[in-house]
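Q: Need coordinates for the following:
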Amino acid sequence: MQKASAIEGVKEIYGVTGDVDLIVLVEVPGMEELNKVIYELRRINGVQGTDTHIVLTRAAGKGGAAWTPSL
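A: Now for the predicted structure:
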């Protein structure tokens with residue numbers, strides 16, 4: 001986890017149960033930077049692969065009302 005937390009753009013890391021061992025939350029300005037983070041994560045010894053999910057809307061949380069797109 002220390003190597004992952006040192007990567008620019010990594011904001012939070014959670015150890016979880018289930019199909020994956022870790023969830024790494026990343027905040028970057030664009031796709032080029034995201035690709036760099038993914039590349040760096042995959043270079044860490046022991047990382048077998050990554051799955052990427054991009055947040056489109058925030059459904060709930062602290063720090064203000066959730067945003068919902070108008071359909």
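Q: any idea where the helices of the chain begin and end?
A: Counting by DSSP state H, one finds helices in the chain at the ranges 2-5, 31-42.
Q: A6 - how many residues pack around it?
A: Per other Cβ atoms under 10 Å, the neighbour tally for A6 reads 10. For glycine as for every other residue, the C-beta is placed from the backbone atoms N, C-alpha and C.
Q: Please tell me how far it sits from A59.
A: Counting by Cβ to Cβ, to the nearest Å, the separation of A6 from A59 is 30 Å.
Q: thinking again about what came up before, would you turn the helices of the chain into TSV with mean pLDDT?
A: Below are the helices of the chain laid out as TSV (pLDDT from 0 to 100):
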stretch	mean pLDDT
helix 2-5	94
helix 31-42	97
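Q: What's the local residue count around I7?
A: The burial count for I7: 17, using other Cβ under 10 Å.
Q: Relative to R58, how far out is it?
A: 23 Å.
Q: among the helices of the chain, which is the most enclosed?
A: Neighbour counts (mean count of other Cβ atoms under 10 Å) averaged over each of the helices of the chain peak at helix 31-42, with a mean of 14.
Q: Centre of the chain to that one, how far?
A: Chain-centre distance of helix 31-42: 10 Å, with Cα atoms, centre = their mean, to the nearest Å.
Q: For it, name the packing helices and strands.
A: On a contact count with 3 or more Cβ pairs under 8 Å, 6 or more residues apart in numbering; DSSP states H and E, helix 31-42 meets strand 22-26.
Q: Show me which residues of the strand it packs on are buried.
A: For strand 22-26, burial by neighbour count (16 or more other Cβ atoms under 10 Å) applies to V24, V26.
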